[in-house]
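Chemist: I need the structure of the sequence given here:
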Amino acid sequence: MRAARTLAVTATAIAAVGLAAPLAAATYGPGNVLSGGSDNTPRDVTVSPFEVHPGSTLTITARGCNRGGTVTSNAFPDASLSGNSNGQSTAVARVYNSATPGNYNLAVRCNGGSSVVTEPFRVLPGRGAQGGLGGSLAPSSTEMAVGGSLVAAAALGGGLFIARRRRMTGAGV
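Modeler: You can find the predicted model right below:
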């Protein structure tokens, strides 16, 4: 009988975590898949995020660089675009820790191509580490949703356990 109860509580906990997983991932929507041409010319260059702090990373996506390429800027060292057959190439660049706040441009050039496409981005003033704040930072909405669903699942499992136990003792067992 104890094994059945343990199995029921374990299954309830696993179901609660399984149901909470989509809530935890809900803030990250599906990515766009772009198809590129074969002329190896950068098109539709995007920078994510647009605003960064010194020391943060940028993700640069360029459509049309089938054989890869390079990304250059004054705010970070040169980065290499990955080449692939679907025409969408990406690079990750880390902004210098000493980058001055302000507006910058990056330049994308495909390997074997002659044209250059520029895209703006902004470096924000540096922010210090959030050390010593202890518990003064509030939880995010995703953390609250996951925590609430786990509490609800625990309450449901406990209620079922108590209701089943009352039935068993009331039957004279």
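Chemist: Could you pull up the mean pLDDT of stretch 55-74?
Modeler: Stretch 55-74 shows a mean pLDDT of 88.
Chemist: which of the residues in that stretch are buried?
Modeler: Across stretch 55-74, burial judged by 16 or more other CB atoms under 10 Å covers 56, 58, 60-66, 68-73. For every residue, glycine as well, the C-beta is placed using N, CA and C.
Chemist: State the pair within those residues that is farthest apart.
Modeler: Within those, Ser56 and Asn66 form the most distant pair, 28.7 Å apart (CB to CB).
Chemist: Mind picking out the helix or strand in the chain with the poorest mean pLDDT?
Modeler: When the helices and strands of the chain are scored by mean pLDDT, DSSP states H and E, helix 2-25 comes last with a mean of 57.
Chemist: All the strands of the protein, in order from the start?
Modeler: For the chain, applying DSSP state E gives strands covering 43-48, 51-52, 57-63, 69-73, 79-81, 88-94, 102-110, 116-123.
Chemist: any chance of the ones you listed in JSON lines, plus distance to Leu150?
Modeler: Shown next, in JSON lines, are these (distance: least, CB to CB, whole Å):
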{"stretch": "strand 43-48", "distance to Leu150": "31"}
{"stretch": "strand 51-52", "distance to Leu150": "34"}
{"stretch": "strand 57-63", "distance to Leu150": "32"}
{"stretch": "strand 69-73", "distance to Leu150": "42"}
{"stretch": "strand 79-81", "distance to Leu150": "40"}
{"stretch": "strand 88-94", "distance to Leu150": "34"}
{"stretch": "strand 102-110", "distance to Leu150": "43"}
{"stretch": "strand 116-123", "distance to Leu150": "39"}
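Chemist: need the least confident one among these, by mean pLDDT.
Modeler: strand 43-48 (a mean of 84).
Chemist: tell me which residues of that strand are tucked away?
Modeler: Arg43, Val45, Val47.
Chemist: partner residues bridging the last one?
Modeler: Read it as Val47. With DSSP bridges applied, Val47 shows beta-bridge pairing to Ile60.
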